[in-house]
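> sequence-free structure coming up:
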Ligand code: HEC
Ligand SMILES: [Cu+2]
């Protein structure tokens, strides 16, 4: 009897809370359409990684958004050009920040120099095609339509002109944020990051203007997977920054067209994730899934200095196709949270006779040796793109605090035999390159003497290095020392 009563009361509480939840949701849903708008305001639009000013406590307004479509050439990675189609001149397109109840008057203009008609489908719109039908616009024309933001959340927008996949693959996507009444809680830093996959006629790293490859796109065989439109979209000068102790909020979208992102930040745990960009908040998350055409808001406090690495944890995309970004955190160390390396020892399970870096099978000598300097450069570049690129990056720029630069490297240029030794024997321990210290491990590279000669010749004759020519004989000499 006692048990029965208990069960009954639990059931009752359950029913009560369920109905009240439902009521709330309904109230909100119908109410947002009724929120009155006061006055007009021109929307601030920003290009990535920046976001416009938070809405804070402002009242709902008639918000004027003027978006211009530009078809323009840009760089996917060093020397690889691509004709991007953009909303507002950037990939992803301009960030739009609204609040629930805003009446957005959206004008889409298609620049007269453009070649194609376009339109926009905003996932924040309740209405046919998310605005696509009303916004279809030819070059040299503009279209205006308006919609009310009914549901708070982070939404993707994209072009929906046929062939839709091609317009998205060329960079036509971005994010629109609808903040709840009273705005999102304030944080110290906010950034805009969006993943996209690219399909080029040439393979990854092949230079020149690369046309879009429809067949690869259909087969979902991406040559590049990147954040913010290019391999360097979030590294080097484009890296994000924060100070120890700050709270960071990332608005992360995935334009696709094809691939789902396993979004992860190496060296952080998301304190909060607004799952799929909606109202549900999950806590203490390592990796969050962001579907193509979806978004997520992640928040974390940065506690220790260093470089956090944003990746798609489908990890070959990060290290081989470009889906890698950096958030540089400056400030004081906190040894309680992270000690750094405490000690390093040599681990020799099979006795002190084995002191080399791990090796795999024997090295296969290449069949056709290079016959000229130009051939050395050509073969060397191929080796570079296959073996060195993942760590030292496309332009030899390296990754701060992780992989030293080969571009303009004083370490490299000081001693050619030492550089040959690095490639054939590997390298570990502290080194200084261009004033920065690195203390990491590069394993012995399993490539033939010809390939070592070619790749180093390529490196020495690129990116401002000393133009040394390395021969097979020089490599053999170092090997036999
Ligand atoms: C898996 C990552 C990785 C790969 C692949 C790799 N390196 Fe390195 N490389 C490193 C790291 C890490 C260091 C620094 C090692 C240290 O701190 O002692 C380094 C150092 C070097 C240096 C000396 C420092 C400098 O910047 O001048 C040279 C030269 C170099 N690498 C060349 C190459 C070449 C050429 C290839 C391709 C054949 C290659 N590396 C492939 C990770 C890599
Ligand atoms: Cu388009």
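That came through, no problem. What you are looking at is a predicted structure, and each value in this text was computed from that prediction instead of being measured. Residues are numbered from 1 along each chain as shown. Ligands and ions are numbered 1, 2, ... in the order given.
> for residue 477, what are phi and psi?
When read as degrees, to the nearest 10, the backbone of residue 477 gives phi -60, psi -50.
> list the residues that contact it.
Under the criterion of Cβ atoms under 8 Å, 6 or more residues apart in numbering, the neighbours of residue 477 are residue 417. All C-beta spots, glycine's among them, are computed from the backbone N, C-alpha and C.
> and for residue 385?
By Cβ under 8 Å, 6+ apart, the contact set of residue 385 is 204, 205, 394.
> now intersect those with the helices, please.
Counting by DSSP state H, no part of these is found in helices.
> please produce TSV containing the residues you listed, extended by pLDDT, neighbour count and distance to ligand 2.
Formatted as TSV, the contacts of residue 385 follow (pLDDT from 0 to 100; neighbours: other Cβ atoms under 10 Å; distance: Cβ to the ion, whole Å):
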residue	pLDDT	neighbour count	distance to ligand 2
204	92	20	25
205	90	22	27
394	82	19	28
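> okay, the residues you listed in JSON lines with distance to residue 166 next?
Listed next are the contacts of residue 385 as JSON lines, based on distance: Cβ to Cβ, whole Å:
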{"residue": "204", "distance to residue 166": "20"}
{"residue": "205", "distance to residue 166": "22"}
{"residue": "394", "distance to residue 166": "25"}
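> over to whichever residue of the stretch 301-450 of the chain sits closest to ligand 2: give its phi and psi.
The nearest approach of the stretch 301-450 of the chain to ligand 2 comes at residue 322, 22.8 Å away (Cβ to the ion). Backbone torsions for residue 322, taken as degrees, to the nearest 10, come to phi 110, psi -10.
> do the same with residue 164
Dihedral pair for residue 164: phi -50, psi -50, per degrees, to the nearest 10.
> burial count for it?
Neighbour count of residue 164, defined by other Cβ atoms under 10 Å: 16.
> for residue 254, see how far away it is.
Going from residue 164 to residue 254 by Cβ to Cβ, to the nearest Å gives 16 Å.
> same check on residue 335?
Distance, residue 335 to residue 254, by Cβ to Cβ: 37 Å.
> so which of these two has more stuff around it?
Between residue 335 and residue 254, residue 254 has the larger neighbour count (other Cβ under 10 Å), namely 26 against 9.
> spell out the secondary structure type for the more buried one.
Three-state call for residue 254 (DSSP: H, G, I helix; E, B strand; the rest coil): strand.
> cool, and residue 386?
Three-state assignment for residue 386 (three-state DSSP): helix.
> list the contacts for it?
No contacts exist for residue 386 under Cβ under 8 Å, 6+ apart.
> parallel or antiparallel, list what pairs with the biggest strand by length in the chain.
The strand spanning the most residues in the chain, taking DSSP state E as the definition, is strand 62-77. Sheet pairing for strand 62-77, assigned by DSSP bridges, gives strand 40-42 (parallel), strand 80-87 (antiparallel), strand 103-110 (parallel).
> dump the residue contacts of residue 454.
370, 376, 377, 379, 380, 383, 470.
> which among those gets closest to ligand 1?
Of all these, residue 383 has the smallest distance to ligand 1: 6.1 Å, by Cβ to the nearest ligand atom.
> what parts of the stretch 351-481 of the chain come near ligand 1?
For the stretch 351-481 of the chain, the residues in contact with ligand 1 (Cβ under 6 Å from any ligand atom) are 387-388, 390-392, 403-406, 409, 411-412, 419, 422-423, 427-429, 431, 433, 438-442, 445, 455-456, 459.
> list buried residues within those.
Neighbour counting over these (16 or more other Cβ atoms under 10 Å) leaves 387-388, 392, 403-406, 409, 411-412, 419, 422-423, 427, 433, 438, 442, 445, 455-456, 459 as the buried ones.
> in helices only, show me those residues.
Reading helices off these with DSSP H, I get 392, 411, 412, 419, 422, 423, 455, 456, 459.
> mind giving me JSON lines with those and columns for distance to residue 476 and pLDDT?
Listed next are these as JSON lines, based on distance: Cβ to Cβ, whole Å; pLDDT from 0 to 100:
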{"residue": "392", "distance to residue 476": "24", "pLDDT": "87"}
{"residue": "411", "distance to residue 476": "23", "pLDDT": "97"}
{"residue": "412", "distance to residue 476": "20", "pLDDT": "97"}
{"residue": "419", "distance to residue 476": "15", "pLDDT": "97"}
{"residue": "422", "distance to residue 476": "16", "pLDDT": "96"}
{"residue": "423", "distance to residue 476": "13", "pLDDT": "95"}
{"residue": "455", "distance to residue 476": "15", "pLDDT": "96"}
{"residue": "456", "distance to residue 476": "13", "pLDDT": "98"}
{"residue": "459", "distance to residue 476": "19", "pLDDT": "98"}
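> which parts of stretch 369-384 are buried?
For stretch 369-384, the neighbour count (16+ other Cβ under 10 Å) marks 370, 376, 377, 379, 380, 381, 383, 384 as buried.
> rewinding a little: quick one, what contacts the residue of the stretch 301-450 of the chain closest to ligand 2?
If a contact means Cβ under 8 Å, 6+ apart, then residue 322 has 77, 224, 225, 226, 227, 230, 231 as its contacts.
> would you point out the helix or strand in this protein whose mean pLDDT is lowest?
Within the chain, no helix or strand scores below helix 2-34, which has a mean of 50 by mean pLDDT, DSSP states H and E.
> picking that back up, which one of the contacts of residue 454 is nearest to residue 277?
For the contacts of residue 454, the minimum distance to residue 277 (Cβ to Cβ) is 42.2 Å, reached by residue 383.
> wasn't the closest one part of a strand?
No. Counting by three-state DSSP, residue 383 falls outside a strand, being helix.
> show the pLDDT at it.
Note on residue 383: pLDDT of 90.
> so who does it touch?
By Cβ under 8 Å, 6+ apart, the residues touching residue 383 are 447, 451, 454, 455, 458.
> likewise residue 144?
Taking Cβ under 8 Å, 6+ apart, we find residue 144 in contact with 105, 106, 107, 108.
> now with 6 Å?
Residue 144 is in contact with residue 107, counting by Cβ atoms under 6 Å, 6 or more residues apart in numbering.
> so is whichever strand or helix holds it next to ligand 2?
Assessed by DSSP states H and E, residue 144 sits inside strand 141-148. No. Contact of strand 141-148 with ligand 2 (Cβ under 5 Å from the ion) is absent, the minimum separation being 13.0 Å.
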